[in-house]
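A.B. asks: Have a look at this prediction, sequence included:
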Number of protein chains: 2
Amino acid sequence: MSFDPSTLTYTEAGLVPVIAQDAASGEVLMFAWMNAEAVARTLATGRVTYWSRSRAEFWEKGATSGHHQRLVEMRIDCDRDCLLVLVEQTGAACHTGRRSCFFTAVRDGNEVEILTPMA
Amino acid sequence: MSFDPSTLTYTEAGLVPVIAQDAASGEVLMFAWMNAEAVARTLATGRVTYWSRSRAEFWEKGATSGHHQRLVEMRIDCDRDCLLVLVEQTGAACHTGRRSCFFTAVRDGNEVEILTPMA
């Protein structure tokens, strides 16, 4: 069946949540949002492109930072309201310079930093 | 620093998105939501507990299906508006009987099923 981005279920704001995972290591890198056009651009170009809610514009990952995400595969969940993108991540996925945005863990009731910024 | 669920950033509906990942294999299993009380219950009990938006009630994963998620570690992203829970998943995470909810992939422009229900 040919994939049509309009068949996904979007929020009232026209967005779908997206999980980015390192295709090689399996590490979950970040979480962001796409609209239907961002989904189409990502598939057409192979460059993962989100919708920035704060800037209200398309956000081609790495366009300014150089930390590109090349799409390896896009997956859709059972409810068609969440996407998983497997990517080849150049450098840090997180704006803090860390490989992953999920760099804080709750251990024994305390928050601990488990990743430091990449060199 | 002691972790306080109220320090997370919630949507207007009081929810935070949650990614569940198999702690052993790294497979992304599902995506759901928690409110602050669900976060607290998950940490207190070690049984991953979501907030069901459709039923408007707490949803202890596996309470009816037997497909429990035991919390291995909770992680917080840089913006404190998304959680990653590493879990030990009993059986299928997806209500369709598949290990993961992300069982459809877009390949060569077509949707293909990449996971079948568990035996």
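C.D. replies: Perfect, thanks for sending it. Numbering: from 1, shown residues only, chains lettered A, B, ... in the order given.

A.B. asks: For the rest of this, base every contact and every neighbour count on C-alpha atoms.
C.D. replies: Will do.

A.B. asks: pLDDT score for the spatially most central residue of chain A?
C.D. replies: What sits nearest the mean C-alpha location of chain A, by C-alpha atoms, centre = their mean, is residue A:20, with 3.7 Å. With respect to pLDDT, residue A:20 scores 98.

A.B. asks: And for it, nearest residue in space, chain neighbours not counted?
C.D. replies: Nearest non-adjacent residue to residue A:20, counting by C-alpha to C-alpha, 6 or more residues apart in numbering or on different chains: residue A:85, 4.9 Å away.

A.B. asks: what about the one you found, how many residues close to it?
C.D. replies: 23 (other C-alpha atoms under 10 Å in any protein chain shown).

A.B. asks: Would you confirm that it contacts residue A:17?
C.D. replies: No: counting by C-alpha atoms under 8 Å, residue A:85 stays clear of residue A:17, with 10.7 Å between them.

A.B. asks: Tell me how many other residues crowd residue A:37.
C.D. replies: By the criterion of other C-alpha under 10 Å, residue A:37 has 16 neighbours.

A.B. asks: List the contacts of the helix or strand harbouring it.
C.D. replies: When elements are assigned from DSSP states H and E, residue A:37 belongs to helix A:36-45. With C-alpha atoms under 8 Å, 6 or more residues apart in numbering or on different chains as the contact definition, helix A:36-45 has outside contacts at A:5-6, A:14-15, A:47-51, A:58, A:71.

A.B. asks: Get me the contact residues on chain A for chain B.
C.D. replies: A:1-3, A:19, A:26-27, A:30-31, A:73-78, A:82-84, A:94, A:96, A:101-107, A:109-112 (C-alpha under 8 Å from any C-alpha of the partner chain).

A.B. asks: which ones among these are found in strands?
C.D. replies: Among these, the members found in strands (DSSP state E) are A:19, A:30-31, A:73-76, A:83-84, A:104-107, A:110-112.

A.B. asks: give the contact list for the spatially most distant residue from the centre of chain A.
C.D. replies: The outermost residue of chain A, judged against the average C-alpha position, is residue A:108 (29.1 Å), by C-alpha atoms, centre = their mean. Not one residue lies near residue A:108 by C-alpha under 8 Å, 6+ apart.
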